[in-house]
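In: Have a look at this fold, sequence not included:
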């Protein structure tokens, strides 16, 4: 078994080229991308939310796993980074890009309406966590990455990670799994019958 043998989405090479050109250093890594693709594939006709479009690396992986009836909302407040995603992926009718503050965007959504939340930015992860988790349907998934030390972490950020992990692992109504793999991942699945 070789988890470094990765088949990337068609648009990814061009996205990464443009990502490097603007010096954006916070894109999702390929192993995380493979998991995003698999999780998106597990939600046929699903509604998916990506908090933190960045340049669209994670977006490309999500789209690669989504079926024709699934829909993805991708939110970011950085127009230069998100422009790369729009340029390479905006032709896909399954994705809608939102240039918005993540916290404000979360407040506009109805609870228990999202099948998969990928929280890859501050809002919905280190702030507004309750709002993000409230969106997850029964059987739905909430995923965060970058829980292992990263070279781009600001000073003092490392202390926030165990607090976040402990919070997520103790959430009632969710089942959690942590993975010391890729950039460090935590997956929550909301328990329930799906009737809510």
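Out: Nice, thanks for sending it over. Here the structure is a predicted model, which is why all the values come from computation and not from measurement.

In: Next, the contact list for the spatially most central residue of the chain, please.
Out: Nearest to the mean C-alpha position of the chain, counting by Cα atoms, centre = their mean, stands residue 118 at 2.3 Å. Counting by Cβ atoms under 8 Å, 6 or more residues apart in numbering, residue 118 makes contact with 36, 48, 49, 50, 51, 52, 58, 62, 143. Backbone N, C-alpha and C define where each C-beta goes, glycine included.

In: That one: which element?
Out: strand 114-119 (DSSP states H and E).

In: How far off centre is that strand?
Out: Centre-to-centre, strand 114-119 and its host chain are 7 Å apart (Cα atoms, centre = their mean, to the nearest Å).

In: Strand partners (parallel or antiparallel) of it?
Out: Here strand 114-119 has these sheet partners by DSSP bridges: strand 47-51 (parallel), strand 136-144 (parallel).

In: Tell me which of the ones you listed sits most buried.
Out: Mean neighbours per residue, mean count of other Cβ atoms under 10 Å, is largest over the strands paired with strand 114-119 for strand 47-51, with a mean of 26.

In: what residues does that strand touch?
Out: The contact list for strand 47-51 (Cβ under 8 Å, 6+ apart) reads 40, 58-59, 62, 66, 70-75, 102, 105-106, 109, 113-121, 123-125, 132, 135.

In: tilt between whichever helix or strand comes after it and strand 114-119?
Out: Counting by DSSP H and E, the element after strand 47-51 in chain order, helix or strand, is helix 57-65. Interaxial angle, helix 57-65 versus strand 114-119 (axes from the mean of the first three to the mean of the last three Cα atoms, to 10 degrees): 150 degrees.
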